[in-house]
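Undergrad: What follows is a predicted structure for the sequence shown.
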Amino acid sequence: AQKVTQAQTEISVVEKEDVTLDCVYETRDTTYYLFWYKQPPSGELVFLIRRNSFDEQNEISGRYSWNFQKSTSSFNFTITASQVVDSAVYFCALASGGYQKVTFGTGTKLQVIP
Amino acid sequence: DVKVTQSSRYLVKRTGEKVFLECVQDMDHENMFWYRQDPGLGLRLIYFSYDVKMKEKGDIPEGYSVSREKKERFSLILESASTNQTSMYLCASRDRGWTEAFFGQGTRLTVV
């Protein structure tokens, strides 16, 4: 069985603050992938990043960065200098198993206040 | 660009009706998925298909069935709609291998 936990249901920050969204996962597979998606108010999920289980190197893309730690089964997402356009629901997801089934967390709603 | 298109953005159906939700992708992807999204529950997998005519149950298949007669099309069927199936339904497709999924715009279904 696989599971993704996003304990933060909603977060509010003031514009320009940094914010970290937490993601903890469970899987028995040694090969798996982790993803982050953004769902803006329009509704369509947008892919942000993919990470495989053999690559723990952190990644930075502009104001976004991701911290993958296998020791704690976590894949956290940080937005630096948040902007109003970052307001959305963010989902962490895990793909593993023979059919590469994708399991999503419950999402974290981020509100950036101007 | 990959495009995943769901046939309806909004749908209102009566209890007991048979409901078809259609999804078409234009990138020749092997895998297709149906999720439902509910507040506080995130996205939950209903069914997925890894090839034409092949399907696997997800986490919440009860009350649903699927059909994949052609590679580009994946249909979700509610045999007898009930009010607890009122939800946002999301279709996704993904290529073989460990690739990201691409999502449709969603169908908000209301069963009255």
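TA: Here it is on my side, so go on.
Undergrad: what's the spacing between the spatially most central residue of chain B and chain A?
TA: For chain B, residue B:34 is the residue whose C-alpha lies nearest the centre (Cα atoms, centre = their mean; 2.9 Å). Distance of residue B:34 to chain A, given as Cβ to the nearest Cβ, to the nearest Å: 12 Å. The way it works is simple: take the backbone N, C-alpha and C, and place the C-beta from them, glycine included.
Undergrad: name the element that residue belongs to?
TA: Element membership for residue B:34, per DSSP states H and E: strand B:31-38.
Undergrad: how about the residue nearest to the centre of chain B, what does it touch?
TA: Residues in contact with residue B:34 (Cβ atoms under 8 Å, 6 or more residues apart in numbering or on different chains) are B:21, B:23, B:45-48, B:58, B:64, B:66, B:74, B:76, B:89-91.
Undergrad: which of the residues you listed are buried?
TA: B:21, B:23, B:45-48, B:58, B:64, B:66, B:74, B:76, B:89-91 (16 or more other Cβ atoms under 10 Å in any protein chain shown).
Undergrad: contacts with chain A among the residues you listed, please.
TA: B:45, B:48, B:58, B:90 (Cβ under 8 Å from any Cβ of the partner chain).
Undergrad: Do any residues in stretch A:59-79 lie close to chain B?
TA: No - using Cβ under 8 Å from any Cβ, we find that stretch A:59-79 stays clear of chain B, coming within 14.0 Å at best.
Undergrad: Flag every buried residue along that stretch.
TA: Of all the residues in stretch A:59-79, those buried under the rule 16+ other Cβ under 10 Å are A:64, A:65, A:66, A:67, A:68, A:73, A:74, A:75, A:76, A:77, A:78, A:79.
Undergrad: who's residue 93 bridged to?
TA: No chain was given, so I picked chain A. When assigned by DSSP bridges, residue A:93 has beta-bridge partners residue A:35, residue A:104.
Undergrad: Correction: the question concerned chain B.
TA: Beta-bridge partners, per DSSP bridges, of residue B:93: residue B:32, residue B:102.
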